[in-house]
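> Got a predicted structure plus its sequence, pasted below:
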Number of protein chains: 2
Amino acid sequence: MLQGTLFQFENDTPWQDLGNGIHRQIYGYDDKIMLVKAKFDKGAVGQLHEHYHSQVTYVDSGVFEMTIGDQKKTVRKGDGYYIPPNEVHGCVCLEPGVLIDVFSPHREDFL
Amino acid sequence: MLQGTLFQFENDTPWQDLGNGIHRQIYGYDDKIMLVKAKFDKGAVGQLHEHYHSQVTYVDSGVFEMTIGDQKKTVRKGDGYYIPPNEVHGCVCLEPGVLIDVFSPHREDFL
């Protein structure tokens, strides 16, 4: 079975520069689940997109305007959201911060 | 398909008192995934246990001594870990904090 490391330490985990003010760290995963940190500069936009994975997210820091389907809400540190499979979603970063995105199954396109 | 709400706001989400200095909030979920916040008082112990779910965790705050199988490490805000299915694991809270635990499939025993 596909598996990442047991422990992930923030300072040892490489950042991927996705451009347009967004950076990503890959944390724990196997074939069923994957945790990813996504850091946004102020004003950075997570373009509307969809995928077949279920997604849950925790807002580690910052403020984001989040769109899921036809709903748009402002989420802040401590809040969270759920994205059903194949639901269109995207965000605008209003204050710089980090989203903890977790997918099931894992994002094979991120590896 | 089983599904929770799209958005979870920290101040609107009930805390469950699990006793022994541990509290829990249930965030987003469907049948494939579930995100749970677990808040620990200093010295609180997550007893060694195991389950068939894959688990990924992000340390939102605090310091924890974490045991996974035969490995024991100290994790702090910003770190993370992965627990394979049926792997024994547990923690001791060294400084008060919150763990973001995500399971696949969802924890039917938490609902």
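Arrived safely, thanks for sending.
> Quick one: residues contacting the closest residue to residue A:25 other than its chain neighbours.
Leaving out its chain neighbours, the residue that sits closest to residue A:25 by CB to CB, 6 or more residues apart in numbering or on different chains is residue A:37, at 4.3 Å. The way it works is simple: take the backbone N, C-alpha and C, and place the C-beta from them, glycine included. Residue A:37 makes contacts with A:24, A:25, A:27, A:60, A:98, A:99, A:100, A:101, B:58, as judged by CB atoms under 8 Å, 6 or more residues apart in numbering or on different chains.
> just residue A:60 next, same as before
A:37, A:77, A:97, A:98, A:99, A:100, B:58, B:60.
> Dump those to a markdown table, plus distance to residue B:83, secondary structure and pLDDT.
Output for those, formatted as a markdown table (distance: CB to CB, whole Å; DSSP: H, G, I helix; E, B strand; the rest coil; pLDDT from 0 to 100):
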| residue | distance to residue B:83 | secondary structure | pLDDT |
| --- | --- | --- | --- |
| A:37 | 18 | strand | 98 |
| A:77 | 25 | coil | 98 |
| A:97 | 26 | strand | 98 |
| A:98 | 22 | strand | 98 |
| A:99 | 22 | strand | 98 |
| A:100 | 16 | strand | 98 |
| B:58 | 13 | strand | 98 |
| B:60 | 17 | coil | 98 |
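> nearest to residue B:72, of those residues?
Nearest to residue B:72 out of the contacts of residue A:60 is residue B:58 (CB to CB; 19.0 Å).
> Run through chain A and note the low-pLDDT ranges.
Within chain A, not a single segment meets pLDDT under 70.
> 90 instead, please
Applying pLDDT under 90 to chain A flags the ranges A:1.
> Who is residue A:8 paired with across the strands?
residue B:80 (DSSP bridges).
> For stretch A:61-75, buried residues please.
A:61, A:62, A:63, A:64, A:66, A:67, A:68, A:75 (16 or more other CB atoms under 10 Å in any protein chain shown).
> sorry, that was for stretch A:12-24
Going by neighbour count (16+ other CB under 10 Å), the buried part of stretch A:12-24 is A:22, A:23, A:24.
> show me what contacts the last one?
Just to be clear, that refers to residue A:24. Residue A:24 is in contact with A:15, A:16, A:18, A:36, A:37, A:38, A:39, A:110, counting by CB under 8 Å, 6+ apart.
> how about JSON lines for the residues you listed, with secondary structure added?
Shown next, in JSON lines, are these (DSSP: H, G, I helix; E, B strand; the rest coil):
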{"residue": "A:15", "secondary structure": "coil"}
{"residue": "A:16", "secondary structure": "strand"}
{"residue": "A:18", "secondary structure": "strand"}
{"residue": "A:36", "secondary structure": "strand"}
{"residue": "A:37", "secondary structure": "strand"}
{"residue": "A:38", "secondary structure": "strand"}
{"residue": "A:39", "secondary structure": "strand"}
{"residue": "A:110", "secondary structure": "helix"}
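> Which single one of those is nearest to residue A:46?
Closest to residue A:46, out of all of the contacts of residue A:24 and judged by CB to CB, is residue A:38, at 7.6 Å.
> How about the closest one: what's its closest non-neighbour residue?
residue A:99 is the one closest to residue A:38 (CB to CB, 6+ apart), at 4.7 Å.
> Fine by me, thanks again.
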